[in-house]
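Asks: I need the structure of the sequence given here:
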Amino acid sequence: MGCAAGPAAPPDPVRPSDTFRREVTPFPVLDENGTPYAHPFLGGLDVPRPQFADPDGDGDPDLFIQERTDQLMFFENVGTAAEPRFVWRTDRWLDLAVGEWSRFYDMDGDGDLDLLAESPFSYIRYFRNDGSPTSPRYVAAADTLRESTGRPVFSDRQNIPNLTDIDCDGRVDLFLGRVDGTVSRFEEGARAPDGVPVFDLVTERFEDIEIVAAIAVPGGMGADGMALGSQGAPEASQPGGTDGWPVRRAMAWPASPSGARGTALHGANSMVFADVDDDGDQDFFWGDFFEPGLLWIENLGSCQRPDLRAMPQPVPADELIATSGYNAAAIHDLDGDGDQDLLIGVLGGAFNPNTTAAENLIYHERLPSGLVTRRTARFLDGIDVGSESTVTLGDLDGDGDLDMLLGSKLDPQTLNAARLYLFENVGTRNAPSYLLSDTLAVAETYHLAPSLADLDADGDLDLVLGTWNQDVRYLRNEGSETDARFQAVGEEPLADLPRGSHSTPALGDLDGDGDLDLLVGESSGEINLFMNAGTPQDPRYELVTERLGGIDVGRRSAPALVDLDADGDLDLLVGSEDGGAAVFLNTGTPQEPTFAAEDSLAVPLPAYATPVLADVDGDGDLDVVAGGLGGGVVFFRNTRTR
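Replies: Numbering: from 1, shown residues only. Below is the predicted model of the structure:
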């Protein structure tokens, strides 16, 4: 991140009284086809765990997404049950600490939704809704559910359980997937004196389900010598299902007296129950770390006498569902046509999660035929370049407003290198509107961290590029201030980290001599200082220290230089792997800086935050823009009253 060109007059400094408001749709952003994103500054998604619930009791499904530990994102349905329109409301719904997973269910039968969530580590926390069906108020009623013996119910934290009344007896059944591919069933028993439900173990091998995966290479042979299809699924011949759709084993092996077939794998899993065939009983859906699709076990029994001993098969679809694995499903009628549609959050399993880093919330509509068809892989569409994005701002076309340049970890389409994505401001300085106008392949390496600055003093913005493998590169603008065209300068890097990786540059004049010096963040969390021993037209950088001011933000430091307090010198803002932004004010002079830690900027930035302060909306104060782990961009508007 570097000096951002833009407004003629510098924006006001950040004041202690300034507050910043998260906005997901602050102004229009269009994709490369000119289509507006519905959620442009959502920040991207990497491991979305979706579920639908109606906590406000208005009769339509709202959407909850868990992307990060202890945080539940809430998208209110402001449309209807038949034509939903989801609007982001918060990243931390009711500030509930939900661990690694959460599930809504009416646990106490009072007509409102309670909540179960992971209690570190691998127990089940119970949040009782002491509000109402239309105005929830959650109370942590138990840090862990218990069996009637008093023993805590243990739930592997990497597995996502579920609840239903599987046998229609009016008692809640709790199902826990195990890492060996089996399913444990617990049923609600008597209640404890405090009203918390107590569960009794019914079986550790529910319906003898045991879903594991044969070691598979697409197009090759499985561990037991069976030929594999293009998806890596065994091409074993099985009779057709009850709907006539052919059954394949799809890397799933039920328990059998003969034991495992060859070498088998098991791991993280997710499950959900839903009556998708409208026969009055609950069918079973399973997503597994080693399963590229989603498995379905049809309930061949009844509500009172469930029978889930059928062979697991892929979800019936017009095209075989194939992702990077570990798929978490939410099933709901999203279009009001009376059947159950499918939303899959791809958490990323055994099949290279990089391929689904940007397209990982997949909506399948159910057709009249009973098959599902894929409608979009970006159900909450927004800026998302994969994972670990780095953002910088600057006027690249000379029209007086700020354009946006976004670097990625890896191009999920090609997987051979990272890319830069240019979002041109096609609006104005005061009313921005962004268009994805170009994708730049500027370096065959990973983790591109761009910074814009006039490095040769010719009046246009050049590109300084951090990379995964230590070096910082210089790409001169061989175009003009109205038409940027970047060209690598020489064979040698502009600077090279003496140790560490993930170089993240920021430029500014730190000694008052009229040229640009260089700070470089890195994997260790410290800051490298390179002083310009050359000239404003021909920079030459020499390492002064690997540990500027003793600063250490933990891991993955991402510095930005800006005069935060308007005293005429450059202060330092640093993002990190843990998120947030640490502030270090220059208590020295413009010629001899000394950085002293202040309170961190009160902005809840994501993990791997790469923050920039700039007057994005042209109102004279500094806003916050940042990339992060999700591969998108977040925006916080400075809400100062002028």
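
Asks: which strand in the protein runs the most residues?
Replies: Counting residues, the longest strand found in the chain (DSSP state E) is strand 183-191.

Asks: what's around the closest residue in space to T504 that isn't next to it in sequence, how many residues?
Replies: Residue nearest to T504 in three dimensions, not counting chain neighbours: G521, with 3.9 Å by Cβ to Cβ, 6 or more residues apart in numbering. C-beta here means a position set from N, CA and C on the backbone, and glycine is covered the same way. If you count neighbours by other Cβ atoms under 10 Å, G521 ends up with 31.

Asks: gap between the residue nearest to D411 when sequence neighbours are not counted and V442?
Replies: Residue nearest to D411 in three dimensions, not counting chain neighbours: R419, with 4.7 Å by Cβ to Cβ, 6+ apart. R419 sits 8 Å away from V442, going by Cβ to Cβ, to the nearest Å.

Asks: Which residues are in contact with each of these two?
Replies: Counting by Cβ atoms under 8 Å, 6 or more residues apart in numbering, the residues touching both R419 and V442 are L448.

Asks: Bridged to L174, which residues?
Replies: L163, F186 (DSSP bridges).

Asks: Touching, it and G189? I think so.
Replies: No: counting by Cβ atoms under 8 Å, G189 is not a contact partner of L174; they are 11.1 Å apart.

Asks: residue boundaries of the helices in the stretch 351-500 of the chain?
Replies: Using DSSP state H, counting those that start in this stretch, no helices are assigned anywhere in the stretch 351-500 of the chain.

Asks: Strands of that one, residue ranges please.
Replies: Listed in chain order, the strands found in the stretch 351-500 of the chain under DSSP state E, counting those that start in this stretch are 361-366, 372-376, 390-394, 403-407, 420-425, 434-440, 449-453, 462-466, 471-477, 486-488, 495-496.

Asks: Of all these, which one comes closest to L543?
Replies: Closest approach to L543 among the strands of the stretch 351-500 of the chain (Cβ to Cβ): strand 495-496, 7.4 Å.

Asks: Just checking: what are the partner strands of that closest one?
Replies: In its sheet, and by DSSP bridges, strand 495-496 pairs with strand 471-477 (antiparallel).

Asks: gap between the residue nearest to D411 and L570?
Replies: 30 Å.

Asks: before we move on, what about V385?
Replies: 29 Å.

Asks: Neighbour count: those two, which is higher?
Replies: Taking other Cβ under 10 Å, V385 and L570 do not tie; V385 has more neighbours (29 against 20).

Asks: Angles on the backbone of F206, please.
Replies: phi -60, psi 120 (degrees, to the nearest 10).

Asks: I'd guessed it sits against S184; true?
Replies: Yes: between F206 and S184 there is a contact under Cβ under 8 Å: 6.6 Å.

Asks: Between those two, which contacts overlap?
Replies: What both F206 and S184 touch, as defined by Cβ under 8 Å, 6+ apart, is the set F175.

Asks: On the three-state scheme, L529 is what?
Replies: State at L529, reduced to three classes by DSSP: H, G, I helix; E, B strand; the rest coil: strand.

Asks: got the contact list for it?
Replies: Taking Cβ under 8 Å, 6+ apart as the test, what L529 contacts is 510, 517-519, 543-545, 548.

Asks: cool, A417 as well?
Replies: Counted by Cβ under 8 Å, 6+ apart, A417 has contacts 410-411, 441, 443-446.

Asks: Just confirm F75 is within a strand.
Replies: Yes: judged by three-state DSSP, F75 forms part of a strand.

Asks: quick one: it and D114, what's the gap?
Replies: 20 Å.

Asks: you'd agree the residue nearest to T504 is up against L497?
Replies: No: applying Cβ under 8 Å, one finds G521 not in contact with L497, separated by 9.8 Å.

Asks: Tell me the residues that contact both of the two, please.
Replies: 503, 528.

Asks: returning to what we had before: list the contacts of the residue nearest to D411.
Replies: Taking Cβ under 8 Å, 6+ apart as the test, what R419 contacts is 385, 407-408, 411, 439-441, 448.

Asks: Of these, keep whichever come out buried.
Replies: Buried members of the contacts of R419, counted by 16 or more other Cβ atoms under 10 Å: 385, 407-408, 411, 440, 448.

Asks: Kindly tell me how buried E365 is, as a neighbour count.
Replies: Neighbour number of E365 under other Cβ under 10 Å is 16.

Asks: what does E478 give?
Replies: Neighbour number of E478 under other Cβ under 10 Å is 13.
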